[in-house]
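Visitor: When you get a sec, could you give me coordinates for this:
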Amino acid sequence: MSNSPKTKQLLKILIGAAWIDGIIQPEERLYLKRRAEELELSEDPDLKFLLAELKPVPASDCYQWLRDYLGGHPQPADYQDLVEAISGLLYSDNDIQIQEAKLLTTLQTLEPTAEGHKTSLDKVLGYIQKIYRKAVSQAG
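Guide: Prediction:
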């Protein structure tokens, strides 16, 4: 796997997404470690520090990294890679927290122009959005 700047940026976003609810779950930690190894980035100095969990990543950083990764006109392939990676991470512990659902909802709003049909990913994100709205209405 390539350890290009885009790939490194993707892993950085995943680390931020794992912190989005304030704590990295053991399953998320394992997912991140596996991804870092697959992407051949486990020894990258910047990412190694983030993976060590010495300091939580603020949600604002995660959202900024997300915007930086996608840019003003995201490429469908970059968007798809990002959604798949974040979904894999967030579903790794079988428990979607409100902050995680909010992240997925925000990600959905950044989707490049669709080709006029719903993919299975769109359906999953729509379902998560419904769960998020229900949780927010019950919490408020």
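
Visitor: Next, the contact list for the residue most central in space within the chain, please.
Guide: A centroid search over the chain (C-alpha atoms, centre = their mean) returns I86, at 3.1 Å, as the residue closest to the centre. I86 sits next to 13-14, 17, 103-104, 107 when contact means C-beta atoms under 8 Å, 6 or more residues apart in numbering. Quick note: C-beta positions are derived from backbone N, CA and C, even for glycine.

Visitor: Equivalent analysis for C62, please.
Guide: 13, 16-17, 19-20, 103.

Visitor: same thing but at 10 Å, please
Guide: 12-20, 86, 99, 103, 106 (C-beta atoms under 10 Å, 6 or more residues apart in numbering).

Visitor: Can you name the helix or strand that it falls in?
Guide: Assessed by DSSP states H and E, C62 sits inside helix 59-70.

Visitor: got the CA positions of that helix in PDB?
Guide: Output of helix 59-70 as PDB, limited to C-alpha atoms (Å, rounded to 0.1, in the frame of the first residue of the first chain):
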ATOM      1  CA  ALA A  59     -13.200  17.000  17.300                       C
ATOM      2  CA  SER A  60     -12.500  20.300  15.600                       C
ATOM      3  CA  ASP A  61      -9.100  18.900  14.400                       C
ATOM      4  CA  CYS A  62     -10.900  15.800  13.000                       C
ATOM      5  CA  TYR A  63     -13.400  18.000  11.100                       C
ATOM      6  CA  GLN A  64     -10.600  20.200   9.800                       C
ATOM      7  CA  TRP A  65      -8.600  17.200   8.600                       C
ATOM      8  CA  LEU A  66     -11.700  15.900   6.900                       C
ATOM      9  CA  ARG A  67     -12.300  19.200   5.000                       C
ATOM     10  CA  ASP A  68      -8.600  19.300   4.100                       C
ATOM     11  CA  TYR A  69      -8.600  15.700   2.800                       C
ATOM     12  CA  LEU A  70     -11.700  16.300   0.600                       C
END
